[in-house]
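Visitor: Got a predicted structure here, sequence first:
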Amino acid sequence: MTTTPSYKNGLDVPRIRADFPILKREVKPGVPLVYLDSAATSQKPTPVIETLDRYYREYNANIHRGIHKLAEEATAAYEEARDKIRRFVNAKSAREIIYTRNTTEAINLVALSWGRANIGKDDVIVLTEMEHHSNLVPWQMLAAEKGARLEFIPVTDGGELDLAALDRLLELKPKLVSFTHVSNVLGTINPVAEIAAKARQISAVVLVDGAQSVPHMPVDVQALGVDFYAFSGHKMCGPTGIGVLYGRQALLEAMPPHYGGGDMIKRVYLREFKPNELPYKFEAGTPAIAEAIGLGAAVDYLKSVSLAAIQAHEKEIIAYALERLEEVPGVKVYGPPAEKRGGVAAFTFDGTHPHDVAQVLDADGIAVRAGHHCAMPLHDRFDLVATARASFYLYNTTGEVDKLVEGLYKVKKLFG
Ligand SMILES: Cc1ncc(COP(=O)(O)O)c(C=O)c1O
């Protein structure tokens, strides 16, 4: 019997857990929630919930257009949150922070605007085999529209990008290299700065899907040397319905707006319009005001805990989880060793369907995800239809890993 180690990284997990009201929940009487699905969406701490509540109770108003007290307060909070996010990822200017609904919309924005203006027939776009559908399908749509070519950096058996293949692909002079920072299935942390530096040498534009990185580790878009970086609020303790596209100002300035409507214009005539300045050019219509302000509160919260400490904590948890999962006969975890991955473990369990695994675990209050995790081509790569996935965050404990493992032994008993 393995014993639960004490944490070495200094994160006060019991205190953190007390910040998340939902973690006190029992999914049925006497069965506490064991939430191991933060890669899908994270739980929300009290300061974020209270920020949303306060907005609606005290200063709900539409932004930018109103000259009254509430509109001024709402506008100030909305823009303050943008600046918090700018500092959080170290963008040079708040103009480079575009609010979107989520990572998916941020990537689609680049495809619809930059892509349509810059990708032509036979142009090459380099992606990887480990992409989430949200960094795949928008490029498939653009490639079909423009007659462009998609090429892919392969994934090794160990779940890492084959960087030797990248060198060959860069000889094709791609216009865009777009890839995930951290795989939502394998947990692989990709060497973003290294790939971006190589892509820059051939003047390719670099987009990084940061959905699984920004919530879990310090991210500095300038140090990484990327052109675009996309992430979602709901995976980083923030509300749903708000995400971010970071874009280098010079690129964003040159891009046409992708949606038309209110707020994205400076002047409208009957037959034409002049687009607004950044970032508003890309924020047509009434935005997710409460959610943006809530995301600002989430950023404050994560900073107060420290991203470096969160990353160290997750490293401990995933190292322990990999060790314990390997003990269970029939469990196969995909992806690299703990030192090369974030807090995600996707696995198969003998012949038991991942949905059955998830259902048995659910009976004990253990929430994991089962399916293709929006990464069907990656599952094809490993000859899989589906996996079960446990994913960890700042509030998870090694005790919860123990519960997962106990649950898997139950699965084994039930399904033989
Ligand atoms: C790596 C990765 N990219 C993109 C997304 C899409 O995020 P959203 O659904 O918030 O747009 C996810 C969500 O699971 C993800 O894990």
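Guide: Received, thanks.

Visitor: the strands in the stretch 301-416 of the chain, which residues?
Guide: Shown for the stretch 301-416 of the chain, the strands assigned by DSSP state E, counting those that start in this stretch span residues 331-334, 344-349, 366-367, 369-371, 387-391.

Visitor: how about TSV for the ones you listed, with distance to the ligand and mean neighbour count added?
Guide: C-beta here means a position set from N, CA and C on the backbone, and glycine is covered the same way. Output for the strands of the stretch 301-416 of the chain, formatted as TSV (distance: least, Cβ to the nearest ligand atom, whole Å; neighbours: other Cβ atoms under 10 Å):
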stretch	distance to the ligand	mean neighbour count
strand 331-334	15	20
strand 344-349	9	26
strand 366-367	15	20
strand 369-371	9	18
strand 387-391	9	28
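
Visitor: Could you report the pLDDT at the residue of the chain most remote from its centre?
Guide: Distance from the C-alpha centroid of the chain, by Cα atoms, centre = their mean, peaks at residue 270 (40.3 Å). For residue 270, the pLDDT comes out at 98.

Visitor: Over to the one 4 residues further on?
Guide: On pLDDT, residue 274 comes in at 97.

Visitor: element containing it, please.
Guide: Using DSSP states H and E, residue 274 sits in strand 273-275.

Visitor: what residues does the stretch 151-300 of the chain put near the ligand?
Guide: When proximity is defined by Cβ under 6 Å from any ligand atom, the stretch 151-300 of the chain lies next to the ligand at 180, 184, 209, 211, 212, 232.

Visitor: Please tell me I have it right and the second one contacts residue 38.
Guide: It stands for residue 184. No. Assessed by Cβ atoms under 8 Å, residue 184 is found out of contact with residue 38, at 10.8 Å.

Visitor: Quick check: neighbours shared by the two?
Guide: Counting by Cβ atoms under 8 Å, 6 or more residues apart in numbering, the common neighbours of residue 184 and residue 38 are residue 391.

Visitor: For burial, what's the neighbour tally of the nearest residue to residue 167 once chain neighbours are set aside?
Guide: Of all residues not flanking residue 167 in the chain, residue 198 sits nearest, at 7.3 Å (Cβ to Cβ, 6 or more residues apart in numbering). Residue 198: 18 surrounding residues under other Cβ atoms under 10 Å.

Visitor: next one: residue 83
Guide: Neighbour count for residue 83, taken as other Cβ under 10 Å: 15.

Visitor: Against the ligand, how distant is it?
Guide: Distance of residue 83 to the ligand, given as Cβ to the nearest ligand atom, to the nearest Å: 22 Å.

Visitor: ok, now residue 72?
Guide: 31 Å.

Visitor: Kindly provide the distance from that residue to residue 288.
Guide: From residue 72 over to residue 288 the distance is 19 Å, taken as Cβ to Cβ, to the nearest Å.

Visitor: So between these two, which is more surrounded?
Guide: Neighbours per residue (other Cβ under 10 Å) separate residue 72 from residue 288, with residue 288 holding more: 21 against 14.

Visitor: pLDDT score for the more buried one?
Guide: pLDDT at residue 288 comes out at 98.

Visitor: And for residue 413?
Guide: For residue 413, the pLDDT comes out at 93.

Visitor: Name the residue of the stretch 301-416 of the chain that lies nearest to the ligand.
Guide: The minimum distance from the stretch 301-416 of the chain to the ligand, using Cβ to the nearest ligand atom, falls at residue 374 (6.0 Å).

Visitor: Can you report how many residues neighbour the residue lying closest to that residue once chain neighbours are set aside?
Guide: Among residues not flanking residue 374 along the chain, residue 133 sits closest, at 4.4 Å (Cβ to Cβ, 6+ apart). Here the number of neighbours of residue 133 (other Cβ under 10 Å) works out to 16.

Visitor: cool, and the one 5 residues further on?
Guide: The number of residues packed near residue 138 is 20, by other Cβ under 10 Å.

Visitor: Would you agree it falls within a helix?
Guide: Yes. When DSSP: H, G, I helix; E, B strand; the rest coil is applied, residue 138 is found to be in a helix.

Visitor: related to what we said a few turns ago, could you look up the SS state of the residue farthest from the centre of the chain?
Guide: Assigned by three-state DSSP, the conformation of residue 270 is coil.

Visitor: contact partners of stretch 346-359?
Guide: Here stretch 346-359 makes contact (Cβ under 8 Å, 6+ apart) with 185-187, 325, 328, 330-335, 368-371, 373, 384, 386-390, 408, 411-412, 415.

Visitor: before we move on, the earlier item: would you list the strands of the stretch 301-416 of the chain in CSV and tack on mean pLDDT and distance to residue 59?
Guide: Below are the strands of the stretch 301-416 of the chain laid out as CSV (pLDDT from 0 to 100; distance: least, Cβ to Cβ, whole Å):
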stretch, mean pLDDT, distance to residue 59
strand 331-334, 98, 47
strand 344-349, 97, 38
strand 366-367, 98, 35
strand 369-371, 98, 37
strand 387-391, 98, 35
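
Visitor: Reformat those as CSV; add distance to residue 154.
Guide: Listed next are those as CSV, based on distance: least, Cβ to Cβ, whole Å:
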stretch, distance to residue 154
strand 331-334, 15
strand 344-349, 18
strand 366-367, 32
strand 369-371, 23
strand 387-391, 19
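
Visitor: Identify whichever of the ones you listed lies nearest to residue 20.
Guide: Taking Cβ to Cβ, strand 366-367 is the member of the strands of the stretch 301-416 of the chain nearest to residue 20, at 13.6 Å.

Visitor: mind listing what the closest one pairs with, with the direction of each?
Guide: For strand 366-367, the paired strands and their directions (DSSP bridges) read strand 34-35 (parallel).
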